[in-house]
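Participant: Compute the structure for the input listed below.
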Amino acid sequence: MIKSPTKKIAIILGVIVLGIFALYYFIFIDIKNRNEHASVLLHDVNAEIAKQEYIVSLEHTIESLTPDLDRVNSSVIAKDGDVKFIEDLETMAKSNGLKITIDSLMLENNNPTLVGSGLTVLRVKAKTEGNWSGTYTFLSELESLPLKIKIDKFGFASLGGDVPADGKKPVKTNKVWQSILEIIVLKHK
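Facilitator: Numbering: from 1, shown residues only. Predicted coordinates:
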């Protein structure tokens, strides 16, 4: 069939060249597929790294907010802390030489600004009687409590009469003062 060795060599070389081209084509396709796979893996790794960085950032944010959250939580009366609050109020008044009477306690659950917050309002109406400096000190201590307190109403009047300054003889300059106050305190439900 093939008569000359040159033609044989040319055919063999042609087949070899076609084989080499086919081999290069399959190697090119394999490299292309591997590059695409590597690109997808690189994208997934970058997405995972970004997710991890976001989580670390959130953890740092939460850690930095924890003292603020603790301070906010400590400025609200605990769910079962209203009795302790009233006892502390009475103790504070007595330590300032005042007689205190709690007229009413009310929980207000209808405050629209607190809906869904888990908080309610404790409204305390009280009266104190005693000397002027004790009343003033009591009011100052009340305002400086670490709780979120709003003094809604405050009335202050002299009842006349004398109060012993040191438990002995009445002194004419120390009159009995009465304060009527209404305070609002935030409380956990």
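Participant: Buried ones in the biggest strand by length in the chain, by neighbour count?
Facilitator: When the chain is parsed with DSSP state E, its longest strand is strand 170-188. Using 16 or more other C-beta atoms under 10 Å as the test for burial, strand 170-188 gives Asn174, Val176, Trp177, Gln178, Ser179, Leu181, Glu182, Ile183, Ile184, Val185, Leu186, Lys187. C-beta: built from backbone N, CA, C; applies to glycine.
Participant: Identify all contacting residues around stretch 102-116.
Facilitator: Contacts to stretch 102-116, defined as C-beta atoms under 8 Å, 6 or more residues apart in numbering, come from residues 82, 86, 89-90, 120-127, 186-187, 189.
Participant: And the pLDDT at the residue positioned nearest the centre of the chain?
Facilitator: For the chain, Leu69 is the residue whose C-alpha lies nearest the centre (C-alpha atoms, centre = their mean; 3.8 Å). At Leu69, the predicted lDDT confidence score is 75.
Participant: gap between the helix or strand encompassing it and the chain center?
Facilitator: Using DSSP states H and E, Leu69 falls within helix 5-74. Chain-centre distance of helix 5-74: 41 Å, with C-alpha atoms, centre = their mean, to the nearest Å.
Participant: For it, name the packing helices and strands.
Facilitator: Of the remaining helices and strands, none touches helix 5-74 by 3 or more C-beta pairs under 8 Å, 6 or more residues apart in numbering; DSSP states H and E.
Participant: C-terminal to that helix, what's the next element?
Facilitator: Criterion used, DSSP H and E; the element after helix 5-74 is helix 82-95.
Participant: Could you pull up the residues touching the nearest residue to Gly97 once chain neighbours are set aside?
Facilitator: Once flanking residues are discounted, Gly97 sits nearest to Gly134: 4.2 Å by C-beta to C-beta, 6 or more residues apart in numbering. Gly134 sits next to Asn96, Gly97, Leu98 when contact means C-beta under 8 Å, 6+ apart.
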